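*Asks:* attaching a predicted model along with its sequence, questions to come.
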Amino acid sequence: MHRSVPTQNSSLVPKSIKLQFHLSAVMTGLALNCSINKKSLFDRKHYFYADLPAGYQITQQRVPIAVNGSLSYSLCIDNKMSQMVTKTVRIKQIQLEQDSGKSLHDDTRSQTLVDLNRAGVGLMEVVMEPDMCCGEEAAAAVRELQLILQTLGSSQAVMAEGQLRVDANVSVHHPGEPYGVRTEVKNINSMRFLAKAIDYEIQRQIEELENGGTILNETRAFDSKLGCTVPMRDKEGQQDYRFMPEPNLPPLILYDAKSLPANMNHQQVINIDWIHERLPDLPSVKRKKLVEQYGILPEHSFTLLNEDGLAEFFESVVKQTQMKPKKVIGWILKDLLSYLKQHSLTVKESPVSSFLLADLLNLLEKKEISSTAAKQVLAELWKGEGKTPLEIVKEQKLELLQDQKELEQICQAVIDGHENEVMAIKAGNPKVLNKLIGLVQKKTQGRSNPVLVKQLLEKKLSG
Amino acid sequence: MVPRGVAARWRRAATAPGKGQGSLGGREEAAAGRESHAACLSPAGQPLGILDGIPIAVKDNFNTAGIETTCASNMLKGYISPYNATVVQKLLDQGAVLLGKTNLDEFAMGSGSTDGVFGPVRNPWSYSKQYKEKSVPKSHSEDKESNWVITGGSSGGSAAAVSSFTCFAALGSDTGGSTRNPAAHCGVVGLKPTYGLISRHGLIPLVNSMDVPGILTRCVDDAAVLLGSLAGHDPKDSTTIQDDFKPFELPNLTDVSKLSIGIPKEYHAPGLSSEILALWSKAADLFRKAGAKVVEVSLPHTRYSIVCYHVLCTAEVASNMARFDGLEYGHRSDMKDSTESMYAATRREGFNDVVRGRILSGNYFLLKQNYEKYFVKAQKVRRLIANDFVKVFRSGVDILLTPTTLSDAAPYTEFIQEDNRTRSAQDDILTQAANMAGLPAINVPTALSERGLPVGLQFIGRSFQEKQLLTVAKWFEKQVQFPMIQLEEVKKHDSDVFHHQKSASLS
């Protein structure tokens, strides 16, 4: 189950906050292939707790806003991201409900502090069916959901900020047998912990059952320090929530093209069809387009979309350079991304803009510098001192030797100075040529094009 | 009404002691200040609004910013509202002077205004010449004071305030008859508007699907003026209708020949006094003689309404009272053993047994195993009751004429012989169906009983047809010429009254 906090979507802004909230839920439902209920109802769920000031939570128990959808996500078979497999998890429903406040337990003083600032705020809860088998699958599914929510503008869905909260329901069973008793695991604060918590709980349940024990239908909290789940402090036991229709909220009515009243537009009411036509490209579609348009590998498209802004950066560089996208992708995913990760920067915070990188790649493409030199320039650009690639190349004298004659002379000098190696090559050991190439590189301080050097040496040695 | 004239009359009336805990928390100083301001009109010389300078009292279950709102319960003693209910704000925006908060049955549960934590409300008519002349003490030793009568409820304080000239109008609330019932017993006009016409934002809820703010005035024209100031969509209350509301002035109806008055036979309820039955009949004749069409109609599901109301009301009460847990505001018990024990003690200490009884019943009906049998069933019966009215209005009837109460006001000592639940079940029978169906209804004071106490009759109209309803009510009011209360000065040796007042006064 996932909850996310609706935020503003700039392209489809209706007049009221209430409408924006409903809009987010409808968009998410459509993105998850759900049926949108044109009439949904609100209910009160009653229980006493310090963080629930009204003594009930408004939710949608009878008829939620969207039902019966699906979410496709991908997993790597191995760790190298070279083989990806697509899986699907069914979406049971999406419901609108109120948030509770926050309880902070202060055990030292035997007291609980209650923060009611978020109590009553509107939430969207996405309920998934138990179609996932392990922590990795769950994390991948939630990750994909997160990307979808960000694409739609429904929410930034950052778990650390509490914008996306995930509770996991876990049970085990032997193949062919019915599902076992499930426990609910709460207090999961990151994607990493989600996988950990689930895998721990699966193990715990298996061990419990194999030792002849039973699983209780209880709520457990994930303890991130110990890496395990523990029964929650306040056991609610078997609760009867005494559900009752919410009398202050009339049924939520949504329209489609057929049922839309003549005098209303999208600023005043929700028209499901109108929204469907204007949904932005979902991540899966975006990835497909990237692969088709640029000839990159599917796993590349995943990485591009996984980093906020990286796909846009990539496309921007491609536009500004003659270098083929297939080559550009390497620079983006290996060089740029590793720098960003090392310095814990987002793409937006990158000191190297797409313009600068494109500029650098152009120099490389025009063979004005070697790829080794390019890496050196990038390292310098990273300092963010405002120099252009060309300036750095000139400063550090990294230009490739353009003078063929000079290069030939150096090659000749190396050949003359290494008779043993020359003999070895002529004797039929071509690998030794690399040593000579290396020596030429050294002499030219990396300013020679290795391909050209190889050609020259071979020419001289064959003669 | 000229504000200056109004202020003078008000000042005169206010010097007569307010009898029987009609008002709580006197806001005399603030009110006096505003009154003198109003008497000079605004600094610019323009009235602030249609109610400029008019003193109005508000039932103590409406939130009033900076002013205590208790619902006559220990649970909210000392609770200062941080905001004004929408209807209160609207009154203030029109220049009304908030005179004070009026007494009620605790959390508006009751039909006598006898079960609030500040004590019972005394009907001003107990001190009228008309009543005193007719009342015969049962023995020599019996103090005349001991046979004072109740106001009815739960908006008894508001009705008493209007009845005793303490203010010109008052706000009440009406969930099962809580505005019309005390209006009838106190000889004032009590209007229950159509559900969804007036905002409930800031009215501490009893039954969200039936509550409406009620209007208590001395005459039907005044009720129309108040309605004009209060009605209309409120974005803070999703159950108010979106349509624009246009305030209206009531025409002086002279020709009733086009009117069709329905007399529902089921309202000849068990326990209806012969006096009221006769009055009802006389009223029907009045319309007939004036040329209106008067027909007997049937609302066959009327007899199920008490039981249906009991289930739905207690279920919503159980839900609405859940917020009173002692944590955020209101009373908190000293019990510190655990959160649960604190909740339990707080709610036991904060609520009277009427409220607790309804919570327990309501929770029972909402249990998973009972929900279909009781709650859903009652909702279905509610639909049938509402449909009874739809059918009757569709058949050509414009307005229904019924009694408001089974009898005139009972003496307090007699009323408390039966418990709150029994009394409510008896007294709500004639008023409650209008709440089930969401229809507008009004009590018009009609005549004095043999005991010299007011008796009113009720008109029920179609949804959102307040103008028609009030027009007919005004015509009827003109015909019956209900007498003005002749209040006697309370003599100094009636120290018992003052004593009672002092012990209940708030600082």
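*Replies:* That came in fine, so what should we check first?
*Asks:* for residue B:189, which residues are in contact?
*Replies:* Taking Cβ atoms under 8 Å, 6 or more residues apart in numbering or on different chains, we find residue B:189 in contact with B:183, B:215-220, B:222-223, B:442-445, B:473, B:477. For glycine as for every other residue, the C-beta is placed from the backbone atoms N, C-alpha and C.
*Asks:* give me the residue from the stretch 401-507 of chain B nearest chain A.
*Replies:* Residue nearest to chain A within the stretch 401-507 of chain B: residue B:438 (12.1 Å; Cβ to the nearest Cβ).
*Asks:* just the contacts of residue B:189: which are in strands?
*Replies:* Residues of the contacts of residue B:189 located in strands (DSSP state E): B:215-217, B:442-445.
*Asks:* is the residue of the stretch 401-507 of chain B closest to chain A in contact with residue B:192, as I believe?
*Replies:* No - assessed by Cβ atoms under 8 Å, residue B:438 is found out of contact with residue B:192, at 9.9 Å.
*Asks:* more neighbours: those two, which one.
*Replies:* Ranked by neighbour count (other Cβ atoms under 10 Å in any protein chain shown), residue B:438 and residue B:192 place residue B:192 first, with 30 against 20.
*Asks:* wait, the more buried one sits on residue B:176?
*Replies:* No - between residue B:192 and residue B:176 there is no contact under Cβ under 8 Å: 10.0 Å.
*Asks:* need the residues touching each of these two.
*Replies:* Listed as contacting both residue B:192 and residue B:176 by Cβ under 8 Å, 6+ apart are B:431, B:435.
*Asks:* next one: phi and psi at residue A:85?
*Replies:* phi -120, psi 140 (degrees, to the nearest 10).
*Asks:* let me see the contact set for the most centrally placed residue in chain B.
*Replies:* Note on chain B: the residue nearest the mean C-alpha position is residue B:179, at 1.9 Å, using Cα atoms, centre = their mean. Residue B:179 makes contact with B:155, B:158-159, B:172-173, B:190-192, B:214-216, B:443, according to Cβ under 8 Å, 6+ apart.
*Asks:* check what pLDDT the closest residue in space to it that isn't next to it in sequence gets.
*Replies:* Once flanking residues are discounted, residue B:179 sits nearest to residue B:214: 2.7 Å by Cβ to Cβ, 6 or more residues apart in numbering or on different chains. The score at residue B:214 is 98. That number is its pLDDT.
*Asks:* and residue A:443, by the same measure?
*Replies:* Taking residue A:443 on its own, its pLDDT is 83.
*Asks:* now do the contacts for it.
*Replies:* Counted by Cβ under 8 Å, 6+ apart, residue A:443 has contacts A:410, A:413-414.
*Asks:* run the last query once more with 10 Å
*Replies:* Shown in contact with residue A:443 (Cβ atoms under 10 Å, 6 or more residues apart in numbering or on different chains): A:407, A:410-411, A:413-414, A:417.
*Asks:* closest one of those residues to residue B:64?
*Replies:* residue A:407 (93.4 Å; Cβ to Cβ).
*Asks:* still on that earlier bit, quick one: which of the contacts of residue B:179 is nearest to chain A?
*Replies:* residue B:173 (15.4 Å).
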